[in-house]
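[1] Starting from these lines, generate the structure:
(4 chains)
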There are 2 protein chains.
Amino acid sequence: MSNLKKLSRASVVRLELYLEVLEQLQKDGRTHVTSAEIGEYAGLAPVKIRQDLFGLGTDGKPRVGYDVSDLARLIRNAFDMDRTKSACLVGFGNLGRALAGSIIWSKAGFRLAAVFDRDPDVIGLEALDNVRVKSINEIFGVIKSEEIETGIITVPASAAQDTANHLVNAGVRSIWNFAPVKISAPENIVVENQSLAWGLITLSYRMKLAT
Amino acid sequence: MSNLKKLSRASVVRLELYLEVLEQLQKDGRTHVTSAEIGEYAGLAPVKIRQDLFGLGTDGKPRVGYDVSDLARLIRNAFDMDRTKSACLVGFGNLGRALAGSIIWSKAGFRLAAVFDRDPDVIGLEALDNVRVKSINEIFGVIKSEEIETGIITVPASAAQDTANHLVNAGVRSIWNFAPVKISAPENIVVENQSLAWGLITLSYRMKLAT
DNA sequence: CCCTTCCGGTGAAATATTTCACAATTACTC
DNA sequence: GAGTAATTGTGAAATATTTCACCGGAAGGG
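    Numbers count the residues shown, from 1 in each chain, chains lettered A, B, ... in the order given. Below is the predicted model:
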């Protein structure tokens, strides 16, 4: 196994940002980049970038910087982005639709293998190419047959815990929860909450500070 | 002015969570709550909650705990949630629709005063009660006349910086950016990025760790 | 009214994160 | 090929955050 240190949450978020920068640089045909330059794009001090990358066991060259594609690979590897992981989305409302149509899945190495909803009017719609919305009743069987590891919850808050229970019963290893409630799940399930309200309230706080 | 310390970002996120808990307790008719109980709901140690609340200048009573409505008021006040702030949304795709229909605005004290898009097929749609989607060309005038302080960017990445420039020119004080690019803006503008990819990649990382 | 128990306030210790400082290494120039 | 400038790697210092320890006040019970 590699000599990766456990990355702090803050460091993980920054590394994701560096990866965006690196992918842009790759498109531009750049082969090398310095920590100072990444810092420029990311709005961070170069030393912070070096320290973050240090934890990954990087191999930069003085005077030249980092090899763009090596570094991107290193980050993608640290995040396990190159392994294809199957996921399902529960709740095909507006947020579900926005997510279903997003490029984030392929970027992060996920395959959106199924979409579920409860509403009969929505069941049967084409959520994305070759994926139609299925009834929530089919969730157990589909998660098994498609070997789905991750469930995304985009149902109303009132149905979130219930949905989480179904997902856990069916055997997912992780849950990405957009409902604005804390959901409880067994210790061994990775739960990542992404309540949209957080960002807005943080914004409000920072505006007040800036006054 | 109050004696508020500057809250750390992590503390801000936690306080938002406590507020959710408090609002639930209020609905349930509870008048008091202990730090241990909030900790139970939030999945955190009681002392952390006390320390967070300490920064707000709380007034809990030994043996009884905190007054639920006092505490909620204190948090809402710290985040300036009770002042009504006008906002506009740019980009009425699926994500824009999901946000427009969300309850987060009223919760955080925002009024979604206008919605803009570039697509003629979308302009004129009713985004929410009494708010129709306007052409992006009207953005300057509307931001002025509606005294909009905050712009939300839900356009594709390629149009994000452009949109941000328009918003800044028209005089907004803050931007909530959902496009997966870093946007640059003058120092005095509060920019909060919320790329959805972050959550997914973090999930991927945590799944790998848990293996 | 006094004793006990529970629980918030709060400084201090422990831990984690960020920033600094600088040696080591490489490329470039002459 | 030697000198110089640039840039990484990395331990250490500085700073921030979390956790601990315990004081003191309030409620409840006799």
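
[2] Am I right that A:Leu19 sits in a strand?
    No - A:Leu19 is assigned helix when assessed by DSSP: H, G, I helix; E, B strand; the rest coil, not a strand.

[3] and the host helix or strand of A:Ile38, which residues are buried?
    Secondary-structure assignment from DSSP states H and E places A:Ile38 in helix A:35-42. For helix A:35-42, the buried set under the neighbour-count rule, 16 or more other Cβ atoms under 10 Å in any protein chain shown, comprises A:Ser35, A:Glu37, A:Ile38, A:Gly39, A:Tyr41, A:Ala42. Heads up, the C-betas are built off the backbone N, CA and C, glycines and all.

[4] for chain A, what are the low-confidence residue spans?
    Under the criterion of pLDDT under 70, the regions of chain A flagged as low confidence span A:1-5.

[5] now the helices for it?
    In chain A, helices defined by DSSP state H lie at A:9-27, A:35-42, A:46-54, A:68-78, A:94-100, A:104-108, A:139-145, A:157-170, A:196-210, listed in chain order.

[6] gap between the closest residue in space to A:Ala36 that isn't next to it in sequence and DNA strand D?
    Nearest residue to A:Ala36 in three dimensions, chain neighbours excluded: A:Pro46, at 4.5 Å (Cβ to Cβ, 6 or more residues apart in numbering or on different chains). Between A:Pro46 and DNA strand D the distance is 6 Å, computed by Cβ to the nearest atom of the strand, to the nearest Å.

[7] cool, A:Glu192 as well?
    According to Cβ to the nearest atom of the strand, A:Glu192 and DNA strand D sit 17 Å apart.

[8] OK, contacts around that residue?
    A:Ser174, A:Ile175, A:Trp176, A:Asn177, B:Gly199, B:Thr202, B:Leu203, B:Arg206 (Cβ atoms under 8 Å, 6 or more residues apart in numbering or on different chains).

[9] For chain A, which residues are neighbours of DNA strand C?
    Residues of chain A lying close to DNA strand C by Cβ under 7 Å from any atom of the strand are A:8-11, A:44-45, A:47-48, A:50-51, A:61-64.

[10] so A:Ile136 sits right up against A:Leu167, yeah?
    No - if you go by Cβ atoms under 8 Å, A:Ile136 and A:Leu167 don't touch, sitting 10.7 Å apart.

[11] higher neighbour count, these two?
    In this view A:Ile136 and A:Leu167 are compared by other Cβ atoms under 10 Å in any protein chain shown, and A:Leu167 has more residues nearby, 28 against 19.

[12] Specify the beta-bridge partners of the residue lying closest to the more buried one once chain neighbours are set aside.
    With Cβ to Cβ, 6+ apart as the measure, A:Gly151 is the residue that lies nearest to A:Leu167, at 3.8 Å, once sequence neighbours are left out. Counting by DSSP bridges, A:Gly151 forms beta bridges with A:Cys88, A:Ile175.

[13] which residues does A:Gly151 contact?
    Taking Cβ under 8 Å, 6+ apart, we find A:Gly151 in contact with A:Ala87, A:Cys88, A:Leu89, A:Val90, A:Ile143, A:Thr163, A:Ala164, A:Leu167, A:Val172, A:Ser174, A:Ile175, A:Trp176.

[14] What of A:Asn188?
    With contacts defined as Cβ under 8 Å, 6+ apart, A:Asn188 is in contact with A:Arg173, B:Ala210.

[15] Could you check how far it is from A:Phe140?
    19 Å (Cβ to Cβ, to the nearest Å).

[16] cool, and A:Val47?
    The separation that A:Val47 has from A:Phe140, given Cβ to Cβ, amounts to 50 Å.

[17] A:Leu209 too?
    As it turns out, when the distance is counted by Cβ to Cβ, A:Leu209 lies 48 Å from A:Phe140.

[18] and the gap between A:Arg50 and A:Glu37?
    Taking Cβ to Cβ as the measure, A:Arg50 falls 12 Å from A:Glu37.

[19] With A:Leu44 instead?
    Relative to A:Glu37, A:Leu44 is positioned 11 Å away (criterion: Cβ to Cβ).

[20] Looking at chain A, which strand is longest?
    Among the elements of type strand in chain A, defined by DSSP state E, the one spanning the most residues is strand A:110-117.

[21] and it, what does it pack onto?
    Applying 3 or more Cβ pairs under 8 Å, 6 or more residues apart in numbering or on different chains; DSSP states H and E, one finds that strand A:110-117 contacts strand A:85-90, helix A:94-100, helix A:104-108, strand A:126-128, strand A:131-135, helix A:139-145.

[22] Relative to A:Arg30, which of these is closest?
    Comparing these against A:Arg30 with Cβ to Cβ, the closest turns out to be helix A:104-108 (19.4 Å).

[23] Can you tell me what sits against that closest one?
    Residues contacting helix A:104-108 (Cβ under 8 Å, 6+ apart): A:Phe79, A:Met81, A:Ala87, A:Phe110, A:Arg111, A:Leu112, B:Pro180, B:Leu196, B:Ala197, B:Leu200, B:Ile201, B:Ser204.
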